[in-house]
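Participant: Sequence and predicted model, in that order:
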Amino acid sequence: MTIARRFGLLGFVLVLFATGFAGVILFQTGSQLLATDHLRDLVAVAGHAGVLGQQLQRERTAAAAVIITGTSEQRGTFAQQAKSTMDETDRYEQLRRGLSSVPPGTAALLDRIDIEIGGLPALREQVRSGKAVSLSAVTFAYRILIADLISYRDAVAQAGAPPDLADQIRAGAALSRAAENVALEQVVVLGSLAPGVQVTPAIQQDINATRTGYTEAVTSFGNLAPPGWQSWLGHELTGPDIVAAQRLEDEVGRVPLGQRVHVDTDEWNAAMSARAARLHDVETRADDAARAGVGRLHDLRRTQTLGTSGGVLVVVLVAIVLAIAMGRPLVRRLRSLRDTAQGVAAHGLAQAIDNLRGGALGIGRVDPAEYAGKQTQVAADGGKDEIAEVGRAFNAVYREAIRTAVEQLILRRASAENLVHLSRRGQTLLDLLTRLLDTVERDETSPERLDLLYRLDNAVTRTKRVNLSLLLLGGAGASVPQRSDASLHDVLRAAMSQIELYRQVDLGLDQTGAAIMGGAVDEVAHLFAELLDNATRYSGPSAPVYVEVSAAPDGAIVEIFDQGRLSEDTRDRLNRQLASPGDTQLASMQSIGLTAVGLIATHHGIRVHLRADAGGGTIAVVQLPRRLLRRVQTAERGVPAAPPRAGQAHRPGAPAPAPRAPAWPVTACLPKAPSPATAE
């Protein structure tokens, strides 16, 4: 690779890194802009919450006047103030419904405020009716709602605002608390001015608490507010009305316990209302300033987000231009390499393997490395960069794969030939052993020895079945295939003679009148023998295995019922193995019988599959195609089939067999059936 290209790729990586870094910054600024947008909505609602608190304080004062004196003029004032409060409530709720992404704690507080606002109509009705309504209860109800509104104003300061804006929001909430303490003091003193009311320790404690709360709120405001805001408050808290309010407060504070408060009600209301109004004026100016600060912050972050977006866009465009300029030649070469490699993998390698499997090579007559070197190679240019190295590496891998495939085929063919050779030698010896046993059986008269000879004959027959499976796995078939047709019933009987637990098999009647074509008799009998052997072994030592034969539109069906239970996964796996037995030269010796069944079924077009029985066992269903079946010879009709063995019972739950149609004896020589001496 040239130095220029290396530096180009390095620049491309750096551009990608810059793009990713810019993306992170864009995400951060976008998140900050979204948080500021939410904060702006929260602050707007907080401002209306402060105004709503002011209206509620005035409504509470009017309600106290109605409860104490109850004149029509005071009732009118209360009704007018209630209407003003409801108008402000509507404006607050409209903004409240527009809030989104509210912190969980703030959301719970807002929900509580909604519930308390919903209870105001009932509270107002109590005040208007004047029926057994307590001033303290009414005052407490208003006080709870106003306190929650102030708490919401405090909570907004914790919703992601910068420290300076958070302090300003808290300063506005402190003014709300100061005004609330002034309004509470006004209501407490109004209650003490009622006829017959004297100053009690509770009243004196309430008055002192409100004055202390006012002092603490003003001090908190001074600690949080900017100097300009403090000058606003200092200017508002001067003047004749503020001096009058302070004088009246001192007079009330000097009234001893047990004495009545002697101040003019109208003068008291005017002085305290003026004092609260001045506090609300400063509060309104502070809220406006806080909203303006949040707006400036929002504009700043929006500008930052737009600038970052523009920068990211420029970086991405530069990255795209660099990628196109540097990557197009690389992409062309990589595509050429890919297309050539895919062509070799899809066609060249497959063709080479097909030639090997098709027998185009003789064992020992080909050199694996030489054969691999003659195959199609990947077209790689003569460059010295990484792409050319990848092409050469793929060539080496491809040649190694072909060489390994040739070596494996040679080994497999040699193994298969050895397996067939050993199986046929074993078959010859077993045939000799069978002839010797037949000779001994003819001259034997002792029932005990004859039974032993029959058992030995059955063991030899089972060994022949294993040898036939080995021949199939080696790629060969039966050494001397049957030439004449055999009835399906006799083929099943021959299969029974090739298993150890043949006594457990209950062979039903065959009403199909079908015979197996001669060239397939031995292999079909072997197929049934493997299935019956598997069924008897997995059913248990004494459980019966039932065999039923029935006709089908496209052939015949043989069903083998056993008591073995298989899981659904195991049954699916076995069915897949039966449908696709795979490479016969790599078949596992642990599943030789099942592999032999699959090979025979594939060769003759037989369909074998396992399914669950309703009774909990397993059913092996064998579907014999029509091309494999023949009709029994007409000349042999009228000869009845042999009846079932004594003691055999039909499969439980199955319908009783109908009278069997005439069957005809098999002229072919089938494997020996179980001997009378050993049959049930």
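Facilitator: Structure's in. What do you need?
Participant: rest of the way, CA atoms for contacts and neighbours
Facilitator: OK.
Participant: What ranges does the stretch 151-300 of the chain have for its helices?
Facilitator: Remark: helices assigned in the stretch 151-300 of the chain by DSSP state H, counting those that start in this stretch are 163-192, 201-224, 227-236, 240-253, 265-343.
Participant: Mean neighbour count, the ones you listed: which tops it?
Facilitator: helix 163-192 (a mean of 24; mean count of other CA atoms under 10 Å).
Participant: for it, packing partners?
Facilitator: When contacts are defined as 3 or more CA pairs under 8 Å, 6 or more residues apart in numbering; DSSP states H and E, helix 163-192 packs onto helix 3-68, helix 135-156, helix 201-224, helix 265-343.
Participant: relative to helix 135-156, how tilted is that helix?
Facilitator: With axes from the mean of the first three to the mean of the last three CA atoms, to 10 degrees applied, the angle from helix 163-192 to helix 135-156 works out at 180 degrees.
Participant: Taking helix 265-343 as reference, get the angle to helix 163-192.
Facilitator: Using the same axes, to 10 degrees: helix 163-192 against helix 265-343 is 150 degrees.
Participant: Start the count at 6 instead of 1 going forward.
Facilitator: Done: numbering now begins at 6, and the last item shifts to helix 168-197.
Participant: tell me the average confidence for helix 168-197?
Facilitator: Averaging pLDDT along helix 168-197 gives 88.
Participant: picking up where we left off before, include distance to Gln79 when you put the helices and strands packed on helix 168-197 into TSV, please.
Facilitator: Shown next, in TSV, are the helices and strands packed on helix 168-197 (distance: least, CA to CA, whole Å):
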stretch	distance to Gln79
helix 8-73	6
helix 140-161	15
helix 206-229	24
helix 270-348	12
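Participant: Check which helices and strands whichever strand or helix holds Ala393 sits against.
Facilitator: Following DSSP states H and E, the helix or strand that holds Ala393 is helix 391-448. Applying 3+ CA pairs under 8 Å, 6+ apart, we find helix 391-448 packed against helix 270-348, helix 354-362, helix 373-378, helix 452-478.
Participant: before we move on, back to that, any chance of a markdown table for the helices of the stretch 156-305 of the chain, columns distance to Gly622?
Facilitator: Below are the helices of the stretch 156-305 of the chain laid out as a markdown table (distance: least, CA to CA, whole Å):
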| stretch | distance to Gly622 |
| --- | --- |
| helix 168-197 | 77 |
| helix 206-229 | 84 |
| helix 232-241 | 91 |
| helix 245-258 | 99 |
| helix 270-348 | 49 |
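Participant: out of those, which comes closest to Asp46?
Facilitator: Shortest separation from Asp46 across these is recorded for helix 270-348, at 9.5 Å, computed as CA to CA.
Participant: Show me which residues of stretch 147-167 are buried.
Facilitator: Applying a neighbour-count criterion of 16 or more other CA atoms under 10 Å, one finds 147-148, 150-164, 166 buried in stretch 147-167.
Participant: Count the neighbours of Ser105 for me.
Facilitator: Counted with other CA atoms under 10 Å, the neighbours of Ser105 add up to 11.
Participant: got the contact list for the spatially closest residue to it that is not a sequence neighbour?
Facilitator: Spatial nearest neighbour of Ser105, excluding adjacent residues (CA to CA, 6 or more residues apart in numbering): His43 at 7.1 Å. The neighbours of His43, taking CA atoms under 8 Å, 6 or more residues apart in numbering as the test, are 104-106.
Participant: what's the pLDDT at His43?
Facilitator: His43 is given a pLDDT of 77.
Participant: measure it to Leu170 for me?
Facilitator: Distance of His43 to Leu170, computed by CA to CA, to the nearest Å: 14 Å.
Participant: Could you pull out the helices in the stretch 456-605 of the chain for me?
Facilitator: Assigned by DSSP H, counting those that start in this stretch, the helices in the stretch 456-605 of the chain fall at 493-501, 526-544, 573-584, 597-609.
Participant: Please render those helices as a markdown table that adds distance to Thr111 and mean pLDDT to the earlier fields.
Facilitator: Shown next, in a markdown table, are the helices of the stretch 456-605 of the chain (distance: least, CA to CA, whole Å; pLDDT from 0 to 100):
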| stretch | distance to Thr111 | mean pLDDT |
| --- | --- | --- |
| helix 493-501 | 83 | 90 |
| helix 526-544 | 70 | 88 |
| helix 573-584 | 55 | 87 |
| helix 597-609 | 71 | 83 |
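Participant: Which of the ones you listed sits closest to Val193?
Facilitator: Closest to Val193 of those, according to CA to CA: helix 573-584, at 82.8 Å.
Participant: Kindly calculate the angle that the closest one makes with helix 597-609.
Facilitator: For helix 573-584 against helix 597-609, the angle by the same axes, to 10 degrees is 50 degrees.
Participant: nearest to Leu634, of the helices and strands packed on helix 391-448?
Facilitator: Comparing the helices and strands packed on helix 391-448 by CA to CA, helix 452-478 comes nearest, at 22.0 Å.
Participant: From the contact counts, what lies against the closest one?
Facilitator: helix 391-448, helix 597-609.
Participant: tell me the most buried of those helices?
Facilitator: Comparing the helices and strands packed on helix 452-478 by mean neighbour count (mean count of other CA under 10 Å), helix 597-609 ranks first with a mean of 21.
Participant: what angle separates it from helix 452-478?
Facilitator: Calculated by the same axes, to 10 degrees, helix 597-609 forms an angle of 60 degrees with helix 452-478.
Participant: From the centroid of this protein, which residue is nearest?
Facilitator: With distances taken as CA atoms, centre = their mean, the residue of the chain nearest its centroid is Asp574 (22.7 Å).
Participant: Turn the helices and strands packed on helix 452-478 into a markdown table, columns for distance to Glu130.
Facilitator: Listed next are the helices and strands packed on helix 452-478 as a markdown table, based on distance: least, CA to CA, whole Å:
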| stretch | distance to Glu130 |
| --- | --- |
| helix 391-448 | 88 |
| helix 597-609 | 91 |
